[in-house]
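A.B. asks: Build me a model:
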Amino acid sequence: MDPTDDSRRPGEDSEAGVEMMRVVTPAAGKVVALCTATAAPYIALKTYWAFGGRAGLADGFDLVDEFEKNGAPDALVWLERHGIDFTAVLALTGVMLAFALVRPRGRRLPRWLLFTPALAGTLLIPYGLLTAVLALTQNGSNAAPAITQWVAPAGVGAFLGIGTALGVGAWSRLNQAVSEHMPR
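C.D. replies: The predicted structure follows:
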């Protein structure tokens, strides 16, 4: 039997008769799945906007023009013009990273390659909370918003969900890695 074969369930005996360690607890996997699902509306909305959709945007607001005005790199402007929103791509990357932390195939990747961006990604939690507070308080500004009020929950949900999924996945994977090296 191939030692890298993932067809066995976690916890099943290997050929050597040693119990294989679970990558993570089933609860952590469920939390990651639930939390990453909160990113779906954000990814869908940002992709819709990148393809020219207008729902949720203020009249006259153009994402490509906004990117150019704010000095975004030409590559990001080009992606946006061609229907690829880089924040949607980053959100999808966060979702894949969270699942790599809790799925057996993710064990094939070096720990540092998973932990470094996962721990950095947990900063999405305070960012999501701050975004929620600002959306609720209107930031005290009288300026016309670029997006309509119903769009904020999609962003807040994605930031909080992906940040939490990355934190739970990294924590669970770290605990699993530590338990593998503990004497039995």
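A.B. asks: helix or strand for the residue nearest to the spatial centre of the chain, which one?
C.D. replies: Note on the chain: the residue nearest the mean C-alpha position is Gly94, at 2.9 Å, using C-alpha atoms, centre = their mean. Following DSSP states H and E, the helix or strand that holds Gly94 is helix 86-102.
A.B. asks: so Ala37 makes contact with Gly161?
C.D. replies: Yes: Ala37 is in contact with Gly161 according to C-beta atoms under 8 Å; the separation is 7.2 Å. Yep, even glycine has a C-beta here, placed from its N, CA and C like the rest.
A.B. asks: Which residue of those two possesses the greater neighbour count?
C.D. replies: Gly161 (27 against 13; other C-beta atoms under 10 Å).
A.B. asks: The more buried one: which element?
C.D. replies: Per DSSP H and E: helix 152-180 holds Gly161.
A.B. asks: and if you look at Glu66?
C.D. replies: Per DSSP H and E, Glu66 falls inside helix 63-69.
A.B. asks: Return the set of buried residues in stretch 74-82.
C.D. replies: Neighbour-count burial for stretch 74-82, counted by 16 or more other C-beta atoms under 10 Å, picks out Leu76, Val77, Leu79, Glu80.
A.B. asks: Spell out the secondary structure type for the third one.
C.D. replies: Reducing the assignment to helix, strand or coil with DSSP: H, G, I helix; E, B strand; the rest coil, the entry for Leu79 is helix.
A.B. asks: Many thanks, we can stop here.
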